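Asks: A structural model of the following input is requested.
(chains A and B)
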Amino acid sequence: MAERPIDEAGADAALEAFYGALADDDADELYDRAPCGYLSTTPDGTIIKVNQTFLTWTGYSRDELVGRTFAELLTAGGRIYHETHYAPMLQMQGTAREIALEVVKAGGERLPALVNSVLERDDQGAPLVVRTAVFDATERRRYEQELVLAKRRAEDSERRARSLVRTLQQTLIPPEPPEIPGLEVCAVYRPAGAGDEVGGDFYDVFEIGPQRWVVVVGDVRGKGVEAAVVTAFARYWVRAAAVRHAEPSQVFRVVNEVLMRHDTDRFCTAALLRFHRTQEGWQVVAASAGHPLPLLVKPGTRARAVGRPGLFLGSFADPVLHDQELLLEPGDVMVLYTDGVTEARRGDEFYGERRLRGAVEKEGIRLKDRVEGLLEEVVDFQSGSPRDDIVIVGVAVPWNHRPAGAKPP
Amino acid sequence: MVFAHGFGCDQNMWRYVSPVFEEEFRVVLFDYPGHGGTRPPISEADRYTTLSAYAQDLLSVCRELELAEVIFVGHSVSAMIGVLAEIEEPERFAKLVLLGPSPCYTNDPPYAGGFSESDIEELLESLESNYLGWSSAMAPVIMGNNDRPELGAELEASFCRTDPEMAHRFARATFLSDNREDLKRVTTPSLVLQCTNDAIAPVAVGEFVCDAIPDCSLVLLDATGHCPHLSKPDATAAAIADFVGG
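Replies: Residues are numbered from 1 along each chain as shown, chains lettered A, B, ... in the order given. Sure, this is the predicted structure:
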């Protein structure tokens, strides 16, 4: 059998003596043989009394310790900690508890310890004596070091996850809608909360032929990586289907079918506008799949919802969907949005459709100001921290609209 | 009169000393970000890795309150923070009181700051193992609850409890700084208050500071430890009063 370290043997002997003292009720023995180190110091830290357990653990003799300060027995780092934290705490609140320090033993090895102290005062309140109990924390310190390592690893991976989220967000949301001759487009996107999660809101603006464009706004339910995957997938299929199918409802049917086949239970809502430039302005065909209907504002009139509600995508084999045609003339504005706008909450109150209509009906301002002003209002309504993603896309026919193919004046 | 706390605690450290001056002076106490009742900065936390960031905060406090003829009392690292602020805006300061100052905590022979770099790493570890036990338990910062005395006990327990990340930054900024060259640029009359037995800022370091500052005197306090404003508040206050009165 391997020889046991002297410390451990000494500690065992001390513990045995402690139990003996417990049985005998011998106060001196209880003090000297306690399973923790005891030190009494003057208020400035000079050691005046120390028990046998502390001497056994550290290998010092009583004479070597009495007259020195407790701080001198600590590592240099621990000494700074003692002077800057421990001593002030003790002086201000009379106790310091569970402070982790390392005591340097007579042979130079270290004893990881947890230290508790109380400061006793005399009748006048002047500091009298500090009593300190020192517990051997070797095992606990090892465990703590593992915890610290684990915490660092967790922080690292959180940082990586955040940067991944940012990258994903940037790929899901096109930075700027393209320039469309004869049609003004402005889009804003604001992720939920602190912006550290990938949400499911998206928009897209793309050309499908000469003088033909598509604007789509959608919302995949849920958050996180899986929602992001479905969002990218849905956006891709809207583009692919819009090239082959003229009717927005037909585009949605294709997206519905691929979502049904895709291995996900996420569903998706979307509103799609198909634009065709004509002599009078822009011919628009609108469809909505479970999504808030786009709003149309003609100059001098109230906002009205466009299209008929249809079923959301990804859950039912043959969703009911409708197309509606309308004509956009110079001065007309359309606004598409996600429910992050209307369902924005302040306490029990929703931002709601009334406020939304009020914001989009504002006349005499540029489309950009109308869209960005609305976003700002919705974000402010939630004290700056939206609970859900917000997408707003505004489309306007400029007053100086010239019909397709017309010669410049 | 502006009192600035050192590394470790917060403005409560001054509670036995600053009241002495309230009758004669406008007394200003503050906490650095992440200390005491001040929230850690959200966006620019990384700025706080050098002492000049803290000096800027000190100057911001002075500007915001439109303080002039400031008598600055800085403990420990705040002594150097005050020095940096004075160099930037000397006209704002009337007097500097440097309590247990050190312009450089690490050894650079023949200069003996008292610590090696590995000692400082050890301190950072020591910080980490101690915050492990407390940081999550640190109650949400309690402010302005004078009408709720039951919170007093909680306040008591929050002394010296600093936001761990900020404490880590402050420790680095403090113990790895070297401001020895800055001392000679101080023009404001200064007082070094030095403890006879200070493990963090030994007497030789206090003398170094006082010798380097052109207009400086040194008073030795018969005290052990780094916080004479707690252990010997009367003597500390008397020495400050002597200096600001004369």
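Asks: how many other residues sit next to A:Glu184?
Replies: 17 (other C-beta atoms under 10 Å in any protein chain shown). Glycine gets a C-beta too; all of them are placed from N, C-alpha and C.
Asks: identify the residues contacting it.
Replies: A:367, A:394-398 (C-beta atoms under 8 Å, 6 or more residues apart in numbering or on different chains).
Asks: do the same with A:Pro178
Replies: With C-beta under 8 Å, 6+ apart, A:Pro178 has these contacts: A:185, A:205-207.
Asks: which among these end up buried?
Replies: A:185, A:205-206 (16 or more other C-beta atoms under 10 Å in any protein chain shown).
Asks: B:Ala68: which of those is nearest?
Replies: Nearest to B:Ala68 out of these is A:Val185 (C-beta to C-beta; 56.1 Å).
Asks: picking that back up, of the contacts of A:Glu184, just the buried ones, PyMOL syntax please.
Replies: Selecting only the buried entries of these in PyMOL, with 16+ other C-beta under 10 Å as the criterion:
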select buried, chain A and resi 367+394+395+396+397
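Asks: would TSV of the contacts of A:Glu184 with pLDDT, distance to B:Glu66 and secondary structure be doable?
Replies: As requested, the contacts of A:Glu184 are exported to TSV (pLDDT from 0 to 100; distance: C-beta to C-beta, whole Å; DSSP: H, G, I helix; E, B strand; the rest coil):
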residue	pLDDT	distance to B:Glu66	secondary structure
A:Leu367	93	46	helix
A:Gly394	96	47	strand
A:Val395	96	52	strand
A:Ala396	95	50	strand
A:Val397	94	55	coil
A:Pro398	91	52	coil
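Asks: point out the residues in chain B that sit beside chain A.
Replies: Contacts of chain B with chain A, taken as C-beta under 8 Å from any C-beta of the partner chain, map to B:6-9, B:12-13, B:15, B:76, B:115-116, B:119-130, B:132-133, B:156-157, B:159-160, B:175, B:197-200, B:223-227, B:230-231.
Asks: list the buried residues in stretch B:23-33.
Replies: Buried residues in stretch B:23-33, counted by 16+ other C-beta under 10 Å: B:27-33.
Asks: save those as a markdown table, and put in pLDDT and secondary structure too.
Replies: Output for those, formatted as a markdown table (pLDDT from 0 to 100; DSSP: H, G, I helix; E, B strand; the rest coil):
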| residue | pLDDT | secondary structure |
| --- | --- | --- |
| B:Val27 | 96 | coil |
| B:Val28 | 96 | strand |
| B:Leu29 | 95 | strand |
| B:Phe30 | 94 | strand |
| B:Asp31 | 92 | coil |
| B:Tyr32 | 91 | coil |
| B:Pro33 | 87 | coil |
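Asks: roughly how far apart are A:Pro393 and B:Lys184?
Replies: For the record, residue A:393 is Val, not Pro. 63 Å (C-beta to C-beta, to the nearest Å).
Asks: let me fix that: A:Trp282
Replies: Remark: distance between A:Trp282 and B:Lys184 (C-beta to C-beta) = 75 Å.
Asks: on that earlier part again, give me the buried subset of the residues of chain B next to chain A.
Replies: Among the residues of chain B next to chain A, those classed as buried by 16+ other C-beta under 10 Å are B:6-9, B:12-13, B:76, B:115, B:119-120, B:122-130, B:132, B:157, B:159-160, B:175, B:197-200, B:223-227, B:230-231.
Asks: in helices, which of these appear?
Replies: B:119-120, B:122-130, B:132, B:157, B:175, B:230-231 (DSSP state H).
Asks: among these, which pair sits farthest apart?
Replies: Longest distance between any two of these is 29.3 Å, between B:Asp119 and B:Ala157; criterion C-beta to C-beta.
Asks: sorry, back to before: from the buried residues of stretch B:23-33, which is closest to A:Arg304?
Replies: Nearest to A:Arg304 out of the buried residues of stretch B:23-33 is B:Pro33 (C-beta to C-beta; 51.6 Å).
Asks: is that closest one in contact with B:Glu165, as I believe?
Replies: No. Here B:Pro33 does not reach B:Glu165: they are 10.5 Å apart, not a contact under C-beta atoms under 8 Å.
Asks: for these two, list the residues in contact with both.
Replies: Taking C-beta under 8 Å, 6+ apart as the criterion, B:Pro33 and B:Glu165 both touch B:40, B:45.
Asks: what is the least confident helix or strand in chain B?
Replies: Taking mean pLDDT, DSSP states H and E as the measure, chain B has helix B:152-157 as its least confident helix or strand, at a mean of 44.
Asks: now A:Ala126. Its backbone dihedrals?
Replies: Dihedral angles of A:Ala126 (phi, psi; degrees, to the nearest 10) stand at phi -80, psi 140.
Asks: how far away is it from A:Gln91?
Replies: Distance, A:Ala126 to A:Gln91, using C-beta to C-beta: 12 Å.
Asks: so if I had to pick from those two, which one is more boxed in?
Replies: Taking other C-beta under 10 Å, A:Ala126 and A:Gln91 do not tie; A:Gln91 has more neighbours (21 against 8).
Asks: list the contacts of B:Leu191.
Replies: If you count contacts by C-beta under 8 Å, 6+ apart, then B:Leu191 has B:95-98, B:216-219, B:239-240, B:243 around it.
Asks: also B:Ser52?
Replies: By C-beta under 8 Å, 6+ apart, the residues touching B:Ser52 are B:Leu84.
Asks: looking at the ones in helices among the buried ones among the residues of chain B next to chain A, which is nearest A:Asp318?
Replies: Distance to A:Asp318 across these (C-beta to C-beta) is lowest for B:Leu132, with 58.9 Å.
Asks: shaky segments in chain B?
Replies: B:42-43, B:131-161, B:246 (pLDDT under 70).
Asks: same question for the stretch 51-200 of chain A.
Replies: A:174-175, A:194-197.
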